[in-house]
Every structure is written in structure tokens, then in C-alpha cells.
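S.K.: fold the following.
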Amino acid sequence: MTDHRLAISGLYAVTPDTVDSTWLLARVGEAVAGGVRLVQYRSKSPDRKLKREQARGLATVCAARGVLFIVNDDVDLALECGAAGVHLGRDDPEIAAARARLGRDAVIGASCYADLARAQQCADAGADYLAFGSFFDSAVKPGATRAALAVLSEARRRWALPLVAIGGITPANAAPLLGAGADALAVISALFHVPDTFGAAHAFTRLFAARPSSAPQDAAA
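M.R.: Residues are numbered from 1 along each chain as shown. Just a heads-up that it's a prediction; the model follows:
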């Protein structure tokens, strides 16, 4: 059994909505070259053909660079494009159902917002990583539930699973999240809504390289 959880660390790119597939693949390629370790395809478009085209293209880009590729919400699309797994929110399919469809080696992440009780449920259901946030104001989800840094610290104390922080994260505000125990930083705007995606990715990557070895890593299973 492949333990993909070992790869869930570092910079985690979440794609922006766009109908321009050429632009999207190019920018994701720049992000990966800058140090992104995991890419999540997130699209709210109703155009199934477009989503299939983009997901397959991104899967190819990620495979060429040895980067983990997953799909947001959509188990069927993950199967169609050969993704490594899915990321699921509160209103998406159950983790057990996704696992049954995708197999035991699939990566299944779960949004836990600021809810430690939900995180426990997701961990018990077999999630491979737990995502918390929004930690800062987010242009993508302006009404998102805000999570305090203490939520991340408590999650690190409770679970040995990889922890992902999301929501308005930039190179300027990311350090406290790493210090609180985040294994990965999920980023949209600060990677894709900037002039230089490669440079932005590299700036985040430097933060991980400078992370103190004493950052919280231990947790009860």
C-alpha cells in the first residue's frame, strides 16, 4: 500500500476558476517549477467537457514533475482523469463512499474548517489529511468560517495526520501557521492572482526550508 500521506507537505496549490485551459496549465507548471508539492483542481464550472480537459491536462503536468494531483469534490472526475484522490468538504460525498470508489491507495483530504469535532469524524472515517481554515480573509471565499491559530495547534496535538492550512495565506503571514504545526499550506490567490507565479511559489518554498526543526510534529494517533 502506498502511503501518499508522506507527500502531503509543503506548498499545496489550489487552482483558480478559469475557462482558459492554456493559461491554467502554464501557470500550474510555473507553480510546480517554483516548488509546489501538491495540486488540487478546483472548478465550479458546470461545463463537464472543460473540466475533464483541464483535469487531464493538469494530471499530465503533475505526473511529469512527480507532483501529487487531486480533484476537489468530484469523485467521478478524479477517476476519469487518473487523479491520486479527492478533497471533500462538508457537503460532498462521504469519505467511506469515496474510498470505496477510488481504492485504498487514494488520497482523500477533508475540509474541517474550524471544527475539531468534524476533524475527529473525518480522521475516524479514514481521511488522509485534515484541512483547517480560513485563517485569514480570503478573496476566493469572503464569507468563509475563520479559524484561530489555536485550532491548528490543538489539531497538531491530537492527530498524527498531515494538517493543511488554507485561507488568505501569503508568504508574509504563513510563518505562524507553520509554527503551529501545519504540514502544508494551501494557496490560490497568492500563487495565481499575482504577476509572477514561479516567484510566489519560490517565496513559499523558502519558508518551508527555513522552518525550525523544533516545529510541532508529534501528536497522539
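
S.K.: does the closest residue to L178 other than its chain neighbours belong to a helix, a strand or coil?
M.R.: Leaving aside its sequence neighbours, L178 sits nearest to R211 (C-beta to C-beta, 6 or more residues apart in numbering; 5.2 Å). All C-beta atoms are positioned from the backbone trio N, CA, C, and that covers glycine. In three-state terms, and counting by DSSP: H, G, I helix; E, B strand; the rest coil, R211 is coil.

S.K.: distance from the longest helix along the chain to the middle of the chain?
M.R.: Assignment by DSSP state H gives helix 48-65 as the longest helix of the chain. Remark: helix 48-65 is offset 16 Å from the chain centroid, using C-alpha atoms, centre = their mean, to the nearest Å.

S.K.: and stretch 163-176, by the same measure?
M.R.: With C-alpha atoms, centre = their mean as the basis, stretch 163-176 stands 12 Å off its chain's centre.

S.K.: got the buried residues for the strand or helix carrying R157?
M.R.: R157 belongs to helix 149-158 when assigned by DSSP states H and E. For helix 149-158, burial by neighbour count (16 or more other C-beta atoms under 10 Å) applies to 149, 151-156, 158.

S.K.: tell me the one of those nearest W23?
M.R.: L152 (32.8 Å; C-beta to C-beta).

S.K.: tell me the confidence at that closest one?
M.R.: Listed pLDDT for L152 reads 97.
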